[in-house]
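what follows is a predicted protein model with its sequence.
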Amino acid sequence: MTGETDIVLIYLEDKPLAFARIEDITADYKPGWNHVKMLLLQIPLQTVTWILRDAYIDGTPFTMDGKKMRLEKVICPEDPEIPEDPEDPEEPEAPQAPAAPKTKRKSAKTAGTKVISLSDFKKK
């Protein structure tokens with residue numbers, strides 16, 4: 001179930017419109033309805049409060065001013081595995097116990113990237 005602090009993607013007419021974080025869900029005086037306060041993650045930041053049923057918060061389509069709307073909870077995707085570079089001298093392989101599974105370290109070095117130190121730009 002989608003709840004407070006969850007990130008949702010708001011769809012308008014089956015097209016993604018904006019991301020929002022659910023700030024607060026409070027019961028309405030009508031049974032089965034809730035006041036859902038959301039922080040729209042856009043510039044400028046804005047909060048909106050919609051009156052929705054539990055099913056609508058969980059992704060069931062509804063209409064607003066005759067337009068089809070839907071909320072979809074955003075789940076953080078898994079990090080992709082970055083293969084180890086056997087020629088990388090900065091990552092020495094540490095001996096591991098035979099029973100321990102071999103883990104791969106994520107490398108900051110990838111093809112075509114450059115690391116820029118922000119301390120070089122610091123005013124003195």
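Alright, I've got the coordinates.

show me the strands in the protein, by range?
Assigned by DSSP state E, the strands in the chain fall at 7-12, 15-27, 33-40, 46-53, 62-64, 67-73.

which ones are touching residue 57?
Shown in contact with residue 57 (Cβ atoms under 8 Å, 6 or more residues apart in numbering): 1, 2, 22, 25, 34, 36, 71. Glycine gets a C-beta too; all of them are placed from N, C-alpha and C.

list only buried entries from those residues.
Neighbour counting by 16 or more other Cβ atoms under 10 Å classes 2, 22, 25, 34, 36, 71 among the contacts of residue 57 as buried.

bridging residues for the fifth one?
Which is residue 36. Bridge pairing for residue 36 (DSSP bridges) gives the partners residue 25, residue 50.

residue 113 is nearest to which of the strands of the chain?
For residue 113, the closest of the strands of the chain is strand 15-27, at 26.5 Å, according to Cβ to Cβ.

now do the buried residues in the closest one.
By neighbour count with 16+ other Cβ under 10 Å, strand 15-27 contains the buried residues 20, 21, 22, 25.

go on, stretch 69-81?
Using 16+ other Cβ under 10 Å as the test for burial, stretch 69-81 gives 69, 70, 71.

count the residues that sit near the nearest residue to residue 48 once chain neighbours are set aside.
Once flanking residues are discounted, residue 48 sits nearest to residue 38: 5.5 Å by Cβ to Cβ, 6 or more residues apart in numbering. Neighbour count for residue 38, taken as other Cβ atoms under 10 Å: 22.

state the pLDDT value of the nearest residue to residue 23 once chain neighbours are set aside.
Among residues not flanking residue 23 along the chain, residue 37 sits closest, at 4.4 Å (Cβ to Cβ, 6+ apart). pLDDT, residue 37: 97.

for residue 37, give me its contacts.
Applying Cβ under 8 Å, 6+ apart, we find residue 37 in contact with 22, 23, 24, 25, 26, 47, 48, 49.
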